[in-house]
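>>> Need coordinates for the following:
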Amino acid sequence: MKYNRNHKDRVFCMVFGYEKYKGNLLSLYNALNDTCYTNLDDLEITTMDNALYMSMKNDVSCIISNNLALFEQQSTWNPNMPLRGFMYFADLYNKYISTGSLGIYRDKLVKLPTPQYYVFYNGERDMPDKQLLKLSDAFIEPSREGCFEWTATILNINYGHNKKLLSNCKTLSDYGILIKTINDYKQKYNDINAAIENAIDYCIEHDVLKDFLLERKTEAMHTLLTEYDEKKTMEYLRQDAYDDGFVKGESTGFTKGENQLMVSLICKKLSKGKSVNQIADDLEEDVSKIKEIYDVAKDFAPEYDAKKILEKLG
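Next comes the predicted model:
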């Protein structure tokens, strides 16, 4: 994993990941784990100096009471969250082992803090309160008994979702209100600069992240503008990749690596008797894109040989 020291933190990371606002992170951990830690010294911020999402950092990690937690914020859906979390934790554990001078080649078991991986979703898709994504869903061959597993817990923090969690962590609730207010004002002003500035003023007036926004208003405005510019850029990139796929003869609109993952996922769902519409709905992809793979894969029933399907797809 490459490290990028030229990153820019998202507001989520500023609110929860800065040492000065350590109490916010402790509150978030307590709300997720039904704990009541109050001593800030019990919590150590362990966030890696890297960027998992373009040039902006969207992750915060910490260690407390033998637990190693990673919190990530996403406004766009990505089925590769478990893989990203797995790779991130590998670096966290490597740092933990190196810092503690723990020998993994000795005959003594190295004890590790228990991992927790949460992704807070506040995008536009209609998502359930909670969803579990498993790394094994990406395995080309079906998982065997005792096979390794890694899970990402996706929590929807949009308005009306996960009410208990948000009521137990005001800062996370406030963050969600800030983003919702910006999105609402985008419709009102049709200008992202005006939307962000007025949303921040509204939140300050209504005691939503008030202290943070008063202290870092200019920085927050610039960061939020960058976030929304990045989101727009990602949408363009996805559309360009989709269009280029057709131009280059990749009719599914996926890259080679994405094709490999999609074939595996579609085969699993085909084996359960799901239709192309059901699969597209499950994977939250356009039916036309799924159908390209579906039409080829169904001819290989009931074995669904992923390698041969990929070869036929070209």
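
>>> And the helices in the protein?
Along the chain, the segments classed as helices by DSSP state H run 11-17, 22-33, 81-99, 163-168, 170-189, 192-205, 210-215, 217-247, 256-270, 276-283, 287-297, 306-313.

>>> for the record, mean pLDDT for the fourth one?
It refers to helix 163-168. Mean pLDDT, helix 163-168: 96.

>>> hmm, who's touching it?
Contact with helix 163-168 is made by 30-32, 155, 157, 172-173, 176, as judged by C-beta atoms under 8 Å, 6 or more residues apart in numbering. In short, each C-beta sits where N, CA and C put it, glycine included.

>>> May I have that helix as CSV, with CA atoms only?
Listed next in CSV are the C-alpha coordinates belonging to helix 163-168 (Å, rounded to 0.1, in the frame of the first residue of the first chain):
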residue,chain,number,x,y,z
LYS,A,163,-31.4,6.3,15.2
LYS,A,164,-30.0,4.7,18.3
LEU,A,165,-26.4,5.0,17.2
LEU,A,166,-26.8,8.7,16.2
SER,A,167,-28.6,9.5,19.4
ASN,A,168,-25.7,8.0,21.4
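
>>> so who does Y304 touch?
With contact set as C-beta under 8 Å, 6+ apart, Y304 has these partners: 267, 270-271, 297.

>>> Just the buried subset of those, written out for PyMOL, thanks.
Buried subset of these, written as a PyMOL selection, criterion 16 or more other C-beta atoms under 10 Å:
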select buried, resi 267+270+297
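
>>> Now pLDDT and distance to A280 too, for the contacts of Y304, in CSV please.
Shown next, in CSV, are the contacts of Y304 (pLDDT from 0 to 100; distance: C-beta to C-beta, whole Å):
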residue, pLDDT, distance to A280
C267, 81, 15
L270, 81, 12
S271, 80, 17
A297, 82, 13
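
>>> Which two of the contacts of Y304 have the greatest separation?
The distance between the two most remote of the contacts of Y304 (C-beta to C-beta) is 10.0 Å, for S271 and A297.

>>> Thank you, goodbye.
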